[in-house]
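Chemist: here is the input, now give the coordinates:
(chains A, B and C)
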Amino acid sequence: MSKKVSRRQFLTYTLGGTAGFLGMGMLFPMIRFAADPMLKKGGKGAFVNTNLTEGQINETPQAVDFRVAVKDGWYVPEGGEPRTAWVMKSEGKILALSPVCKHLGCTVGWDSNPQFKGEFFCPCHFGRYFKNGTNVPGTPPTKPLDQYETKIEAGHLWIGPIKKA
Amino acid sequence: MAHNQDGNQKQVHYVGDSRVRVNSKEMLPPDYSQFPGKTEQFFPDFLLKEWMVAAVFLVGFMTLVMAESPPLGDIADPTNTGFLPVPDWYFLFLYQLLKYKWAAGPFISIGIIVVPGLLFGGLMLAPFLDTSKERRPLKRPATTWIAILSLLGVIGLTWAAEAEHVIQVSSSSGTPAKDKKIVAEQDKGYELYKKNACIKCHGDKLQGVQGPPLLGVGDRTKGEDEKLTRKDIEHIIDNGRGAMPAGMFQGSEADKQVLLNWLMQQKQK
Amino acid sequence: MLRAVYKWVDERLDVTPIWRDVADHEVPEHVNPAHHFSAFIYCFGGLTFFVVMIQILSGMFLAMYYVPDIINAHASVKYLQTEVAMGTIVRGMHHWGASVAIVMLFLHTLRVFFTGSYKNPREFNWIVGVLIFFMMLGLGFTGYLLPWDNKAYFATKVGIQIAESVPFIGSYLATFLQGGDMVGATTIPRFYALHVFFLPAGLLGLLATHFILIRRQGISGPL
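Modeler: Residues are numbered from 1 along each chain as shown, chains lettered A, B, ... in the order given. Okay, here's the model as predicted:
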């Protein structure tokens, strides 16, 4: 084996290098383009008024619809994106739970299964949560339901972004 | 020409100055009688038979297409907390697998990596796992049994998922769509609805309280696309369903018909 | 007249060997349903290809009306299905064809498996076939979202959550598929692009490989 690069080898390497350059030159911007959402940082949500008065909140969880201003790519829905929270009073404090099941993201319902009274129930894989959002051990979810930040302003309930654990 | 410098080889003729060779002799199909059995030429002999099968298949397929119109539900509403999600049928087995405790929660990687990995990895690598020369299924029982058991597993999971989904649909309460309204509140049917216990569970505006909402019940569908008929509703009133007990309607038969009329009027544009 | 035209073209381009190469190959008796009815199990592969052709054609025509955007997607599907002549049929062909394609592909896989046709020397073609299966499942998953009805939305959400629970790369995978933080405006065109450009391109490449390998190696012998 001679260390000298033969003419044929030189041509092959050059060809390979050029092919790599041509390929990457074309594909790099495209791959970066497609992967952009993965590399972008999400914005922080603000508080929104739910128009629910403090007196209307009781021990029983109720589904409260509210709208948050979102920017979903190019799409900025008029009046914001609808969201739902299960709002209740628990030990004197207001609790607003996200209805998104921590297992696979289906939507949980309150008291929706006659077998499991007084629990949040996820119809997809039978995930269950106690009233305060804690996951029932032995059911698919491994984490409690997300909680929204809440505040009372001028007698109305305001819901903010999801609390960081 | 450069191609024929030797001169002592057979002369090759080209069409003009192109690289296409002048083809003097007719191309004849090979003689298939040399092959064993009743071997045929692909074109046109065998292709015709294949197209016959395709024609029969197409008739069956178009019959299916014309008999069943493709389902299209309401526009996606991310806030709909009552909707029961279900994937397309060929993903049901995976969906069902993730319901089991040993494949969910802390063991999610079993449900999501290990089991499907074994299944699809095994399928992909079958030629390297089963390297014997034997091709007949009965003569290689281990491979055949593994395949049959996996097959039964997938079918069983699919079936279980479908069965559970059907039960779920029939007893789900669901939340009403926001654009639906009660119809004909002045009707005598509404009086009957109020007088009987209906209103306690289904709400004064049919919005649903403990029970499911009845808004738009007059043009609802059950399952995929079949219409919920007056008879179906009557059946539910008489026999109950899910958490609803039988015999909730206490009035006369004539009153029940009035109530049914009113319920069937609950249609949304 | 036609013969003369053909002769004129053939004289210049010598096209006969091209099509004769496709036409002239032997089909053994044991796969011919005309000789043995039980040989119909060898038809599933061809029928899968037929359904794929139906899918490609009907998909091309559906794209004439379909709009892949969050505001108009559902309305455009509703319009093409209810107001365009034969809309129910064309969408029906694409919708039911997807299921039928999976069924046919599945039956074809079973036939190849239980006749042991994947064995030496056809290992590579089996792998290509399994990749085709994955492509078809991918096409099914991406196509399911496009009508943007509740079923589509929630099924896709569950599917993406499943992808998200893959250890380590899950959240990147989910964001990549969603094209953002949620299933919404950026997800539909992304799935559309995958469904009509990327995956079909991959599928056609794999199908071509599959067929070339069959021609190279011939149909596996009788059991």
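
Chemist: residue A:12 and residue A:6, how far apart?
Modeler: 9 Å (CB to CB, to the nearest Å). (C-beta placed from N, C-alpha, C; glycine too.)

Chemist: sorry, that was for residue B:85
Modeler: 63 Å.

Chemist: the more surrounded of these two?
Modeler: The residue with more neighbours, out of residue B:85 and residue A:6, is residue B:85; 23 against 9, by other CB atoms under 10 Å in any protein chain shown.

Chemist: what number of residues lie near the residue lying closest to residue A:88 once chain neighbours are set aside?
Modeler: Spatial nearest neighbour of residue A:88, chain neighbours left out: residue A:61 (4.1 Å); criterion: CB to CB, 6 or more residues apart in numbering or on different chains. Residue A:61 sits with 25 neighbouring residues when counted by other CB under 10 Å.

Chemist: isn't residue A:61 up against residue A:131?
Modeler: Yes: when contacts are counted by CB atoms under 8 Å, residue A:61 is listed as touching residue A:131 (6.8 Å).

Chemist: what is in contact with the two at once?
Modeler: A:88, A:120 (CB atoms under 8 Å, 6 or more residues apart in numbering or on different chains).

Chemist: output the contacting helices and strands for the helix or strand bottoming out on mean pLDDT in chain A.
Modeler: Within chain A, no helix or strand scores below strand A:48-53, which has a mean of 77 by mean pLDDT, DSSP states H and E. Strand A:48-53 sits against strand A:62-68, strand A:81-90, strand A:156-162, with contacts defined as 3 or more CB pairs under 8 Å, 6 or more residues apart in numbering or on different chains; DSSP states H and E.

Chemist: do that again at 7 Å, thanks
Modeler: strand A:62-68, strand A:156-162 (3 or more CB pairs under 7 Å, 6 or more residues apart in numbering or on different chains; DSSP states H and E).

Chemist: for the record, mean pLDDT for the last one?
Modeler: Spelled out, it's strand A:156-162. Mean pLDDT, computed over strand A:156-162, is 81.

Chemist: kindly export that strand (C-alpha atoms) in PDB.
Modeler: Presented in PDB, the C-alpha positions along strand A:156-162 are these (Å, rounded to 0.1, in the frame of the first residue of the first chain):
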ATOM      1  CA  HIS A 156     -63.700  38.100  38.900                       C
ATOM      2  CA  LEU A 157     -61.600  35.100  38.400                       C
ATOM      3  CA  TRP A 158     -58.500  35.500  36.200                       C
ATOM      4  CA  ILE A 159     -56.700  32.500  34.900                       C
ATOM      5  CA  GLY A 160     -53.000  32.700  34.000                       C
ATOM      6  CA  PRO A 161     -50.400  30.300  32.500                       C
ATOM      7  CA  ILE A 162     -49.900  26.800  33.700                       C
END
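
Chemist: name every strand pairing with that strand and say which way it goes.
Modeler: Sheet pairing for strand A:156-162, assigned by DSSP bridges, gives strand A:48-53 (antiparallel), strand A:148-153 (antiparallel).

Chemist: mind listing what residue C:45 touches?
Modeler: Shown in contact with residue C:45 (CB atoms under 7 Å, 6 or more residues apart in numbering or on different chains): residue C:108.

Chemist: ok, residue B:267 next?
Modeler: B:183, B:216, B:218, B:219.

Chemist: does it count as helix, strand or coil?
Modeler: coil (DSSP: H, G, I helix; E, B strand; the rest coil).

Chemist: confidence score at it?
Modeler: 75.

Chemist: for chain C, see how far away it is.
Modeler: 17 Å (CB to the nearest CB, to the nearest Å).

Chemist: among the contacts of residue B:267, the buried ones, what's the PyMOL command?
Modeler: Applying 16 or more other CB atoms under 10 Å in any protein chain shown to the contacts of residue B:267 leaves a buried subset, and the PyMOL line that selects it is:
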select buried, chain B and resi 183+216+218
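
Chemist: what's near enough to touch the residue nearest the centre of chain C?
Modeler: Geometric centre of chain C, nearest residue: residue C:52, 4.5 Å, by CA atoms, centre = their mean. Residues near residue C:52 by CB under 7 Å, 6+ apart: residue C:101.

Chemist: name the element residue 23 belongs to?
Modeler: Just so you know, I chose chain A. Counting by DSSP states H and E, the element that carries residue A:23 is helix A:7-39.

Chemist: right idea, wrong chain: chain B
Modeler: Per DSSP H and E, there is no helix or strand for residue B:23.

Chemist: out of the strands paired with strand A:156-162, which gets nearest to residue C:216?
Modeler: strand A:148-153 (61.6 Å; CB to CB).

Chemist: how far off strand A:81-90 does the closest one point, in degrees?
Modeler: Inter-element angle recorded for strand A:148-153 and strand A:81-90: 80 degrees (by axes from the mean of the first three to the mean of the last three CA atoms, to 10 degrees).

Chemist: restricting to C-alpha, output strand A:148-153 in PDB.
Modeler: Extracted in PDB, the C-alpha atoms of strand A:148-153 (Å, rounded to 0.1, in the frame of the first residue of the first chain):
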ATOM      1  CA  TYR A 148     -53.400  27.200  36.100                       C
ATOM      2  CA  GLU A 149     -52.300  30.200  38.000                       C
ATOM      3  CA  THR A 150     -55.300  32.100  39.300                       C
ATOM      4  CA  LYS A 151     -56.000  35.400  40.800                       C
ATOM      5  CA  ILE A 152     -59.100  37.300  41.900                       C
ATOM      6  CA  GLU A 153     -59.400  40.900  40.600                       C
END
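
Chemist: return the set of buried residues in it.
Modeler: Applying 16+ other CB under 10 Å to strand A:148-153 flags A:148, A:150 as buried.

Chemist: mind listing the helices for chain C?
Modeler: C:2-13, C:16-23, C:44-62, C:73-82, C:87-114, C:123-145, C:150-164, C:170-178, C:187-193, C:199-217 (DSSP state H).

Chemist: any low-confidence regions in chain A?
Modeler: A:1-2, A:41-45, A:164-165 (pLDDT under 70).

Chemist: same check, this time on chain C
Modeler: Those would be none, if you go by pLDDT under 70 across chain C.

Chemist: need the residues of it near chain A, please.
Modeler: Contact residues, chain C versus chain A (CB under 7 Å from any CB of the partner chain): C:70, C:157-158, C:161-162, C:172, C:175-176, C:179-182, C:184-186.

Chemist: swap in 10 Å and give it another go.
Modeler: C:69-71, C:154, C:157-162, C:164-165, C:171-190, C:193, C:198 (CB under 10 Å from any CB of the partner chain).

Chemist: among those, which ones lie close to chain B?
Modeler: C:70-71, C:154, C:157-159, C:161-162, C:164-165, C:182-184, C:188.

Chemist: give me whichever of the helices of chain C is most buried.
Modeler: helix C:150-164 (a mean of 23; mean count of other CB atoms under 10 Å in any protein chain shown).

Chemist: CA atoms only: put stretch C:16-32 into CSV for me.
Modeler: Provided in CSV are the C-alpha atoms of stretch C:16-32 (Å, rounded to 0.1, in the frame of the first residue of the first chain):
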residue,chain,number,x,y,z
THR,C,16,-38.9,-2.8,-28.2
PRO,C,17,-36.4,-4.1,-25.7
ILE,C,18,-37.6,-1.7,-23.0
TRP,C,19,-41.1,-2.9,-22.9
ARG,C,20,-40.2,-6.5,-23.8
ASP,C,21,-38.1,-6.6,-20.7
VAL,C,22,-41.2,-5.9,-18.6
ALA,C,23,-43.4,-8.2,-20.7
ASP,C,24,-41.2,-11.2,-21.1
HIS,C,25,-40.8,-13.0,-17.8
GLU,C,26,-42.2,-16.2,-16.8
VAL,C,27,-45.0,-16.6,-14.3
PRO,C,28,-45.0,-20.0,-12.7
GLU,C,29,-48.0,-22.2,-12.5
HIS,C,30,-48.3,-22.2,-8.7
VAL,C,31,-49.1,-18.5,-8.5
ASN,C,32,-51.6,-18.5,-11.2
